[in-house]
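> when you get a sec, could you give me coordinates for this:
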Amino acid sequence: MPTSESPPKNPSLKTVKKKNKLKGIKSPVKASLVAGALLNPQLTKQAKDIITAVRANSSKINELISK
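Predicted structure coming up:
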């Protein structure tokens, strides 16, 4: 007698690999790149400038929408 229930779904190998990648950085090269990007004052300044520009543009867009 067939049942209407589907068999339990197992995560695919690809999904499992993606989740494992997010758990931590194991490569010293990757770790140095991430740490270097966070500690580099030039990159920090660029990021702040970009955030400021995005906020200014969103304010302008909101003004145009409200008119």
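> where in this structure is pLDDT low?
Residues of the chain meeting the criterion pLDDT under 70: 1-38.
> by contact count, what packs against the strand or helix carrying residue 65?
Counting by DSSP states H and E, the element that carries residue 65 is helix 41-66. In terms of contacts (3 or more C-beta pairs under 8 Å, 6 or more residues apart in numbering; DSSP states H and E), helix 41-66 is not packed against any helix or strand. Just so you know, the C-beta spots here come from the backbone N, C-alpha and C atoms, and that holds for glycine as well.
> buried stuff in it?
When burial is assessed from 16 or more other C-beta atoms under 10 Å, helix 41-66 yields no buried residues.
> phi, psi for residue 40 please.
Per-residue torsions, residue 40: phi -80, psi 110 (degrees, to the nearest 10).
> ok, it to residue 53 distance?
19 Å (C-beta to C-beta, to the nearest Å).
> contacting residues around residue 49?
Under the criterion of C-beta atoms under 8 Å, 6 or more residues apart in numbering, residue 49 has no neighbours.
> any idea how far residue 65 is from it?
25 Å.
> and residue 44, by the same measure?
In terms of C-beta to C-beta, residue 44 sits 32 Å off from residue 65.
> also residue 43?
33 Å.
> now residue 46
29 Å.
> what's near enough to touch residue 65?
Applying C-beta under 8 Å, 6+ apart, no residues contact residue 65.
> going forward, begin numbering at 96 instead of 1
All set: I'll call the first residue 96, so the last point we hit is now residue 160.
> ok, now how distant is it from residue 147?
Taking C-beta to C-beta, one finds residue 160 at 21 Å from residue 147.
> over to residue 140?
Counting by C-beta to C-beta, the gap from residue 140 to residue 147 is 11 Å.
> next one: residue 155
Counting by C-beta to C-beta - residue 155 and residue 147 are separated by 13 Å.
> repeat for residue 157
Where residue 147 is concerned, residue 157 sits at a distance of 16 Å (C-beta to C-beta).
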